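Trainee: Here's a sequence, model it:
(one chain, ligands or ions: 1)
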Amino acid sequence: MIDLKGFEVWFITGSQHLHGEKTLRQVQEHALTVASSLHNSEKIPVKVISKPVLTTREAICQVILEANASVSCIGLIAWMHTFSPAKMWIAGLKALQKPLLHLHTQFNRDIPWSSIDMDFMNLNQSAHGGREFGYMMSRMKIKRKVVVGHWQEPELQEKIAVWMRAACGWHDAQGAAFARLGDNMRQVAVTEGDKVEAETKLGYSVNGYGVGDLVSFVDQVADNDINRLVEEYEELYTVSPAMTANGPGRNSLKECARIEIGLRAFLKEGGFKGFTDTFENLHGLRQLPGLPVQRLMAEGYGFGAEGDWKTAALVRAMKVMAHGLPGGNSFMEDYTYHFHPENMNVLGAHMLEICSSIAMGKPSCEIHPLGIGGREDPVRLVFNVAPGEALNASMIDLGNRFRLLVNKVVAVAPENELPELPVARVLWKPLPDLKTAATAWILAGGAHHTCFSQNLTTEYLEDFSDMADIEFIKIDQSTDLYHFKNELRWNEAAF
Ligand code: MN
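Mentor: Next up is the predicted model:
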C-alpha cells in the first residue's frame, strides 16, 4: 500500500540573462546532467525531473504554482548555478507550498587552475548565487534543507535521499484519513490532542467510528476467506499447538482471521492510512485485535493503541519514509526498566500490537489471556527484535504546538529467555544513557507511546519537522541536561 516510485522531485535551476545565451545553454546542460545523475542514482527513491532554467520572475512563479498543484510532485530542489537575483524569486517563494531543498553545489568539483578565466568564474558562481538565494529564503522565514557539496559525492546524495523520503512521508500525510475506532483510553492525557490543529498543521484528518461500524464488516467475512488466511498464518508463523487443526484454540485463530479480514475491508472501504482502537471499546468484537494489527502495520498502516491517533499518523509517516529500506518501523511503548547499575536497559513492548516488520526470525503465533478488556483471549505474534541502532519518536501536543521528540537508542540482543512474557518485545539502551535520556524525555513531555524505527535516523525526522514547521527535539549521544533544559526554555520563547 506504499509506493514511492510514482513520486517526483522537480529540479529547478536559477540563473539570469546578464552573461548571454551561450552561458545559459551551458547552465541548462549542466542542470540536466546533475538532475539525471540524481535520477539514476540508486540512493534516490523518487524521479528527479529537470525543469527549464529560470531567469524571470514570471517563469519562477509559474513552475512553483505548477509544483503546488501537481499530485506527484513531492518537493523542489533548487540550485543557483550562476547568480540569480533573488528579488525575482519573492513572488514564487511566497506561493511555495511544497518542501524545498537548496542544493548548494557547482558543476565542477575542482578549480581548473591553469585555465580558469572570468567566463568560468561567471558561469560557476554558486558560491555567490546560493548566498543570494539563501538570504531571501531566510528573510522570508521559509524552512528548507540546505545541502552543500559536490553533486557526485555519495554522502551528499544520501542527504538528498533522506530529505526526499521525509518529503514522501509529508506528501502522504496531506489529505490522509485516519480512523479512530472508539475513543481515547479513559482519563489518559498524552494520547489526546487537538485534531483540528493536526489537520491544519500536519494535513491529515482523524475521525471517530463506533466499533459497530467495524463489526458489520467482520460479520460479513466468508468462511473460505477465513480458512485461506489461517493457512497463511500456518505458513508464516509457528502456530502454537493449542491452535493447530484440532486444538482447543482453533476457533480463536479463526476468529482472529475473521477480525483481520473485516478490519482490512473497513480500512480499504474508508481509504484510511491508519487507525486506532482501544480495549475499553470492543463491543461486538470477540478479541482485542492483536495479530491483525501486527500484520496490518507490516503492510503499511499506521497504528496507535488506546486511541492514540498522533502515534498512528507518525507510524504511517515513518513507514512511508522508510519504504524499501532494510528493517522496520513499529508502534512501541516504553514498558519497564532494567536498572542494573552496569547494564541499564528499557524493555519495550505492548499488550499485543508490535509490528511484525521488526521481528527477528519466524514469529510464534500464540494465544494467551489478556488481563484487561474483558473479551476472549486474543491471538498475537510473539518475537524478539534484532540488535542494532534504532530510535524512538513521539509526537506530542503541547497545547500551543506539536513537538516531535526523538531518542536515539541501541537495541540489544535479548540476554534471557522470557518464558512467561507472551508478547513481542525489544530491549534497548537509550543514548546517551538511560538516566539522562529518560530525564530529558520526561522534561520534554514525551509520551510512553512511540514509533520505534530500525532504519530511520534523526535526520529524517528533523527534515519532516521542518516541512511541517513544528518543533523538533532530539536526545542522542551528545545530550547533556544543562543544555537540554536551555533548549526547551528557548524553544518555549521561540514558539
Ligand atoms: Mn499503550
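
Trainee: give the contact list for the residue nearest the centre of the chain.
Mentor: With distances taken as Cα atoms, centre = their mean, residue 318 lies nearest the centre of the chain, 1.9 Å away. Residues in contact with residue 318, defined by Cβ atoms under 8 Å, 6 or more residues apart in numbering, are 169, 329, 393, 451, 453, 456, 460, 461. C-betas here are computed from N, CA, C, even on glycine.

Trainee: which one of the residues you listed is nearest the ion?
Mentor: The ion lies nearest to residue 451 out of these, by Cβ to the ion, at 13.0 Å.

Trainee: what's the pLDDT at the closest one?
Mentor: We have a pLDDT of 98 for residue 451.

Trainee: I figured it hits residue 312, correct?
Mentor: No: with contacts counted by Cβ atoms under 8 Å, residue 451 stays clear of residue 312, the gap being 9.5 Å.

Trainee: Quickly list what's touching both of the two.
Mentor: With Cβ under 8 Å, 6+ apart, residue 451 and residue 312 have common neighbours residue 331.

Trainee: And stretch 7-25, what's buried?
Mentor: 7-16, 19, 23-24 (16 or more other Cβ atoms under 10 Å).

Trainee: which ones among those are found in strands?
Mentor: Among the buried residues of stretch 7-25, the ones falling in strands (DSSP state E) are 8, 9, 10, 11, 12, 13, 14.

Trainee: quick check, nearest of those to the ion?
Mentor: residue 9 (36.9 Å).

Trainee: which residues touch that closest one?
Mentor: By Cβ under 8 Å, 6+ apart, residue 9 lies in contact with 46, 47, 48, 49, 73, 74, 75, 76, 77, 101, 164, 167.

Trainee: just these now: which is nearest the ion?
Mentor: Minimum distance to the ion across those is 30.1 Å, recorded for residue 167 (Cβ to the ion).

Trainee: Which pLDDT does the model give the closest one?
Mentor: Note for residue 167: predicted pLDDT of 98.

Trainee: Next secondary structure after the host helix or strand of it?
Mentor: Element membership for residue 167 (DSSP states H and E) is helix 154-173. Per DSSP H and E, the first helix or strand lying C-terminal to helix 154-173 is strand 177-181.

Trainee: what pairs with that next one, and is each one parallel or antiparallel?
Mentor: Note on strand 177-181: by DSSP bridges, its sheet partners are strand 205-209 (parallel), strand 274-276 (parallel).

Trainee: mind listing what's buried in stretch 277-288?
Mentor: By 16+ other Cβ under 10 Å, the buried positions in stretch 277-288 come out as 277, 278, 279, 280, 281, 282, 285, 286, 287, 288.

Trainee: still on that earlier bit, okay if I get the buried residues of stretch 7-25 as TSV plus pLDDT and distance to the ion?
Mentor: Below are the buried residues of stretch 7-25 laid out as TSV (pLDDT from 0 to 100; distance: Cβ to the ion, whole Å):
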residue	pLDDT	distance to the ion
7	98	33
8	98	38
9	98	37
10	98	41
11	98	43
12	98	45
13	97	49
14	95	49
15	93	54
16	92	57
19	82	62
23	92	61
24	94	59
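
Trainee: Can you list the neighbours in contact with the helix or strand of the chain with the lowest mean pLDDT?
Mentor: Least confident element among the helices and strands of the chain, by mean pLDDT, DSSP states H and E: helix 118-123 (a mean of 92). With Cβ under 8 Å, 6+ apart as the contact definition, helix 118-123 has outside contacts at 19, 23, 26, 27, 81, 82, 112.

Trainee: any idea how far the ion is from the fifth one?
Mentor: It stands for residue 81. For residue 81, the distance to the ion equals 52 Å [Cβ to the ion, to the nearest Å].

Trainee: ok, that residue touching residue 30?
Mentor: Yes: if you go by Cβ under 8 Å, residue 81 and residue 30 touch, sitting 6.2 Å apart.

Trainee: tell me what the helix or strand where residue 251 lies is packed against?
Mentor: Following DSSP H and E, one finds residue 251 within helix 250-270. In this structure, helix 250-270 packs against strand 177-181, helix 211-219, helix 223-236, helix 291-299, strand 359-367, strand 379-385, with contacts taken as 3 or more Cβ pairs under 8 Å, 6 or more residues apart in numbering; DSSP states H and E.

Trainee: switch the cut-off to 10 Å
Mentor: When contacts are defined as 3 or more Cβ pairs under 10 Å, 6 or more residues apart in numbering; DSSP states H and E, helix 250-270 packs onto strand 177-181, strand 205-209, helix 211-219, helix 223-236, strand 274-276, helix 291-299, strand 359-367, strand 379-385.

Trainee: out of the contacts of residue 318, which is most surrounded?
Mentor: residue 329 (32 neighbours; other Cβ atoms under 10 Å).

Trainee: so what's that residue bridging to?
Mentor: Listed beta-bridge partners, residue 329: residue 453 (assigned using DSSP bridges).

Trainee: Is stretch 391-402 in proximity to the ion?
Mentor: No: Stretch 391-402 lies apart from the ion when judged by Cβ under 5 Å from the ion; the minimum separation is 12.2 Å.

Trainee: Alpha carbons of that stretch, as CSV, please.
Mentor: The C-alpha trace of stretch 391-402 is given here as CSV (Å, rounded to 0.1, in the frame of the first residue of the first chain):
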residue,chain,number,x,y,z
LEU,A,391,15.3,5.3,17.6
ASN,A,392,12.0,6.1,19.3
ALA,A,393,9.9,9.1,18.1
SER,A,394,7.0,10.6,19.9
MET,A,395,4.6,13.3,18.6
ILE,A,396,3.0,15.3,21.4
ASP,A,397,0.5,18.2,21.6
LEU,A,398,1.7,20.9,23.9
GLY,A,399,-1.4,23.0,23.6
ASN,A,400,0.1,25.7,21.5
ARG,A,401,2.2,23.5,19.2
PHE,A,402,3.2,20.0,18.2
